[in-house]
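A.B. asks: Quick check, what structure comes out for this input:
(2 chains)
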Amino acid sequence: AQSVTQPDIHITVSEGASLELRCNYSYGATPYLFWYVQSPGQGLQLLLKYFSGDTLVQGIKGFEAEFKRSQSSFNLRKPSVHWSDAAEYFCAVGAPSYNKLIFGAGTRLAVHP
Amino acid sequence: NAGVTQTPKFQVLKTGQSMTLQCAQDMNHEYMSWYRQDPGMGLRLIHYSVGAGITDQGEVPNGYNVSRSTTEDFPLRLLSAAPSQTSVYFCASSPGDEQYFGPGTRLTVT
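C.D. replies: Have a look, this model is predicted:
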């Protein structure tokens, strides 16, 4: 069955510290992978996406993610977290038509000053 | 462009009432989808459309109907609301790669 697992429900980091959010997926074909961010009371904003090619993808707001096929992972990273990064982060895998996304349960990030 | 718009932003219904959540996009995207978001469960696909006149069921379609008479609009209908449908509903549109999400509708069924 297709699924996305985000093992960490909540993560707290200090401002300026590095961040890694984990995402593992189960998918029968070549995955199309996404990371979205949701600020409180807001909709979802795309951070980055992976369709093919270079396995290290750069996104907005200084985020990057690395696709590792052998580990079925697509972890999100940022070298230095800002207080404005506090939000909920969702990993998703897409069907070939890109129209059906399967989401993980999300990781809520808190940033301490 | 306004992008993806949803109305209303908030709604309270009594069990058994019906209502329609509106979704519109002005980007001429062929694909549109409805998701519901529940705590600890991420977003789950309710229904989707690959073009005007074409709709299909997603992961959690029961209790919801959709239609797609124009490219721009994709309303979601609750025929007889149940407390289990209390959730935040997101509409999304896509040109075929990434999806663009609306701001959401928070629905409470009492």
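A.B. asks: Distance-wise, check residue B:10 relative to residue B:84.
C.D. replies: Residue B:10 is 19 Å from residue B:84, where distance means CB to CB, to the nearest Å. (Glycine included, C-beta is placed from N, CA and C.)
A.B. asks: again but with residue A:88, I slipped
C.D. replies: As judged by CB to CB, residue A:88 and residue B:84 stand 22 Å apart.
A.B. asks: Can you mark which positions in stretch A:59-76 are buried?
C.D. replies: A:59, A:63-67, A:73-76 (16 or more other CB atoms under 10 Å in any protein chain shown).
A.B. asks: Checking residue B:55 next. Helix, strand or coil?
C.D. replies: Secondary structure assignment for residue B:55 (DSSP: H, G, I helix; E, B strand; the rest coil): strand.
A.B. asks: unless I'm mixing things up, residue A:26 is touching residue A:104, no?
C.D. replies: No - using CB atoms under 8 Å, residue A:26 and residue A:104 do not qualify as a contacting pair, with a distance of 11.2 Å.
A.B. asks: Overlap in contacts, the two.
C.D. replies: Residues within reach of residue A:26 and of residue A:104 at once, by CB atoms under 8 Å, 6 or more residues apart in numbering or on different chains, are A:4-5.
A.B. asks: Of these two, give the one with the bigger neighbour count.
C.D. replies: Shown here are residue A:26 and residue A:104; by other CB atoms under 10 Å in any protein chain shown, residue A:104 has more neighbours (25 against 13).
A.B. asks: give the contact list for the more buried one.
C.D. replies: Counting by CB under 8 Å, 6+ apart, residue A:104 has contacts A:4-6, A:23, A:90-92, B:42.
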